[in-house]
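>>> sequence first, predicted coordinates after that:
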Amino acid sequence: METLFTDALHSVSQALQTPVIILLLFLIVVSLICLGSILIECVTERRKLRKVMPEVLALMEEKKLTTDELTQEIKGSKILNRHKGELLQILYSKNDSEETLATIAQGLLNKEMLCYQRTVELTDIVAKLGPMLGLMGTLIPLGPGIVALGNGDTATLSASLLVAFDTTVAGLVSAGIASVISTVRRRWYRDYTTMLEAMMEGTLEAIRFDKEQAEKTEVKR
């Protein structure tokens, strides 16, 4: 009975070898695609945003812009269209109460953070699965390799060890690339959300300033 169970377990583990190898190849492809995407992001979005977002924020802090002026500045800026839409949505809701505006801004900021989190999740998954699948790919062929060693079959042993080493390397390479990408992107996106939060606060301040000016004008009348 015990032999039946061990044979079944051995059959299952050996049957997993091909799917594990396929998944490792898939993880390598995904990690290389992500590497290409972050390089493109660095050349396009990152280079632009690290300069443009502080400029827009500095403009908000230096000048007391009205909401109409700020709307035109945001529309003409080179920040991401997604960020423009979020800031403009706050400006278009300027007649709402201050509590409502704060809730809208927080909701938009949470939505942006979730978008960035989803982008990072892919490489996080690759970074976690790579070593796991690499270890599986290492251990699975070692069983037949040890049996071959006992039988003096060095050719089978060599083939098993080669598969074991290759899968280990594949898992570590894909995990390493993905881990670096996740770390870099997480730092970038933290900067973006901090800047966006500051710009949202500047937008809310412009709305408050407009309301104060309107109240003063009304009192004078």
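Okay, I see it. Residues are numbered from 1 along each chain as shown.

>>> contacts only, for R208.
By CB atoms under 8 Å, 6 or more residues apart in numbering, R208 lies in contact with E98. (Each C-beta comes from the backbone N, C-alpha and C, glycine too.)

>>> any idea which helix or strand carries it?
Under the criterion of DSSP states H and E, R208 resides in helix 154-220.

>>> what mean pLDDT does that helix get?
When pLDDT is averaged over helix 154-220, the result is 86.

>>> how far away from the center of its chain is it?
Offset of helix 154-220 from its chain centre (CA atoms, centre = their mean, to the nearest Å): 5 Å.

>>> buried ones in stretch 73-82?
73-74, 77, 79-80 (16 or more other CB atoms under 10 Å).

>>> R46 contacts D191, correct?
No - between R46 and D191 there is no contact under CB atoms under 8 Å: 9.6 Å.

>>> those two: which is more packed in?
Neighbours were counted for R46 and for D191 using other CB atoms under 10 Å; R46 has more, 18 against 14.

>>> ok, now which ones touch S93?
For S93, counting by CB under 8 Å, 6+ apart, the contacting residues are 100-101, 104.

>>> from the contact counts, what lies against the strand or helix carrying G143?
Secondary structure from DSSP H and E places G143 in helix 98-150. When contacts are defined as 3 or more CB pairs under 8 Å, 6 or more residues apart in numbering; DSSP states H and E, helix 98-150 packs onto helix 2-15, helix 17-41, helix 81-92, helix 154-220.

>>> among those helices, which is nearest C115?
Among those, helix 81-92 comes nearest to C115, with 7.7 Å by CB to CB.

>>> please name the residues that touch L135.
Going by CB under 8 Å, 6+ apart, the list of residues near L135 reads 168, 171.

>>> any idea how far it is from L142?
Distance, L135 to L142, using CB to CB, to the nearest Å: 11 Å.

>>> with M132 instead?
Following CB to CB, the distance that separates M132 from L142 is 16 Å.

>>> model confidence score at the residue positioned nearest the centre of the chain, please.
With distances taken as CA atoms, centre = their mean, the residue of the chain nearest its centroid is V120 (1.8 Å). Predicted confidence (pLDDT) at V120: the value is 94.

>>> wait, isn't it in contact with Y189?
Yes - counting by CB under 8 Å, Y189 is a contact partner of V120 at 7.0 Å.

>>> returning to that earlier point: can I get the contacts of S93 in JSON lines with pLDDT?
Listed next are the contacts of S93 as JSON lines, based on pLDDT from 0 to 100:
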{"residue": "T100", "pLDDT": "89"}
{"residue": "L101", "pLDDT": "88"}
{"residue": "I104", "pLDDT": "90"}
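
>>> in contact with the residue lying closest to L172 once chain neighbours are set aside, which residues?
Excluding the flanking residues, the one nearest L172 by CB to CB, 6 or more residues apart in numbering is G134, at 5.9 Å. Residues in contact with G134 (CB under 8 Å, 6+ apart) are 24, 167-172, 175.

>>> how about a cut-off of 6 Å?
When contacts are counted by CB atoms under 6 Å, 6 or more residues apart in numbering, G134 touches 167-168, 171-172.

>>> in stretch 62-74, what counts as buried?
Buried-residue list, stretch 62-74, by 16+ other CB under 10 Å: 65, 67, 70-71, 73-74.

>>> okay, the residues you listed in CSV with pLDDT, distance to K94 and secondary structure next?
Below are the buried residues of stretch 62-74 laid out as CSV (pLDDT from 0 to 100; distance: CB to CB, whole Å; DSSP: H, G, I helix; E, B strand; the rest coil):
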residue, pLDDT, distance to K94, secondary structure
L65, 75, 13, coil
T67, 80, 5, helix
L70, 83, 10, helix
T71, 85, 9, helix
E73, 85, 15, helix
I74, 86, 13, helix
